[in-house]
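Student: Sequence below, structure please.
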Amino acid sequence: KKMRAAVCVVAAVVAMISSPTPSMGFSVPSLLAPTRLVSAPRGISLHNSLRPLSAPLSNTRPRAARAGSRSGGGALSTSMGFQGTGIYLWSAASPALIGIPFNTVLALALFVTKKYKSALTTEGLVHAWVLGMVLWSTLGFAAWSTCVVYLAGGVAATRVRKAEKEALGIAEARGGARGPENLWGSAATGAICALLAVYSPWDSAIFKLGFAASLATKLSDTMASEIGKAYGKTTYLITTMKLVPAGTEGAVSMEGTLAGVVGSAVIGLYAWFMGLVDPLGFLLCLVAAVVATTCESLIGATVQGKYSWMTNEVVNFINTAIGAVVAIAGFVWLR
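Tutor: Residues are numbered from 1 along each chain as shown. All right, here's what the predicted structure looks like:
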């Protein structure tokens, strides 16, 4: 019954997003890029307020529209009484209307075939579908596929010498399958950055960088931890530099550190290839990952074990947030 209900909800959401809505009192032009509905004075037709973005992922907005959005003036009215500012409408040919059904069909296919079991729990698959909807609706395939690269890299790192790590009691729970708490602990920062890249009045480039840096940081952390536990010959507690067993919170090793750099480089390079960041952004992803994972190790060695609410998922969110903030701060400072 729950599955049937979920399928009905998915179908309803896709139908709402995919179908035209003539009753809204305006038509959506057939464009290859997302269309922004900019603020317009009351009484002006919404159809006349539609314009295509010059670049699909740019976040430029007329100065008057930005001011109106911040001040609350220039609200939009339709025949249905809806009001708002800075709203995005996606044309029938936009990536979102292709990607959202694709994301839904993929999630259902994985559920039916059970191919997700080694990477996600059932609840994790549902939440991954929600995350995919957010990413497709904001930064499109570039963001969605970057997240897929992160998940694939994280799962691969978790499986390295999995039996040995399980024997030592330092392997990930559930065989490494990610649940909702793991997914949002790792990707909440990225999802927030993706939304801000589209819906905030600021330059979208800084939030695209924040998105990429957050995932680069998380893959760096995952690879440093998993490879360090598997191959780390000597592990030190970051606060005292005393020898500790592999898998200790706050422990670091040369092997794990190098693997972490590789992980951040993988995401940074892919984000660069997909146009989310430029060469400077790639370098900032590397620097941000090093800073953030070092902070994460310090948190793990000092306060994580002292507070019950400081779970791995909370620490992961803090870790990715630090990575995004460091990269954005570096971008703003250098530019």
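
Student: pLDDT on stretch 317-334, on average?
Tutor: Mean pLDDT, computed over stretch 317-334, is 96.

Student: Quick check: buried residues in it?
Tutor: With burial defined by 16 or more other CB atoms under 10 Å, the residues of stretch 317-334 counted as buried are 317-328, 330-331. Backbone N, C-alpha and C define where each C-beta goes, glycine included.

Student: likewise stretch 103-113?
Tutor: Counting neighbours by 16+ other CB under 10 Å, stretch 103-113 gives 103-104, 106-108, 110-111 as buried.

Student: same thing with stretch 167-183?
Tutor: Buried residues in stretch 167-183, counted by 16+ other CB under 10 Å: 170-172, 176-183.

Student: What is the end-to-end distance of it?
Tutor: Start-to-end span of stretch 167-183 (CA to CA, to the nearest Å) is 25 Å.

Student: Help me confirm that Phe207 comes into contact with Ala194.
Tutor: Yes: Phe207 is in contact with Ala194 according to CB atoms under 8 Å; the separation is 7.3 Å.

Student: Pick out whichever of the two has more residues nearby.
Tutor: Ala194 (30 against 26; other CB atoms under 10 Å).

Student: average pLDDT across the host helix or strand of the more buried one?
Tutor: Using DSSP states H and E, Ala194 falls within helix 180-199. When pLDDT is averaged over helix 180-199, the result is 94.

Student: just stretch 288-301 next, same as before
Tutor: Averaged across stretch 288-301, the pLDDT comes to 93.

Student: contacting residues around that stretch?
Tutor: By CB atoms under 8 Å, 6 or more residues apart in numbering, the residues outside stretch 288-301 that reach it are 213, 216-217, 220-221, 224, 237-239, 249-252, 260-261, 263-264, 310, 315-316, 318-320, 322-324, 326-327, 330.

Student: any idea how far Asn117 is from Thr248?
Tutor: I think there's a mix-up here, since residue 117 is Lys and not Asn. In this view, Lys117 and Thr248 are 30 Å apart by CB to CB, to the nearest Å.

Student: picking that back up, which other helices and strands does the helix holding Ala194 contact?
Tutor: For helix 180-199, the helices and strands in contact under the criterion 3 or more CB pairs under 8 Å, 6 or more residues apart in numbering; DSSP states H and E are helix 122-138, helix 140-159, helix 204-231, helix 312-334.

Student: Buried deepest among those helices, which one?
Tutor: helix 204-231 (a mean of 28; mean count of other CB atoms under 10 Å).

Student: now that helix and helix 180-199, what's the angle there?
Tutor: 160 degrees (axes from the mean of the first three to the mean of the last three CA atoms, to 10 degrees).
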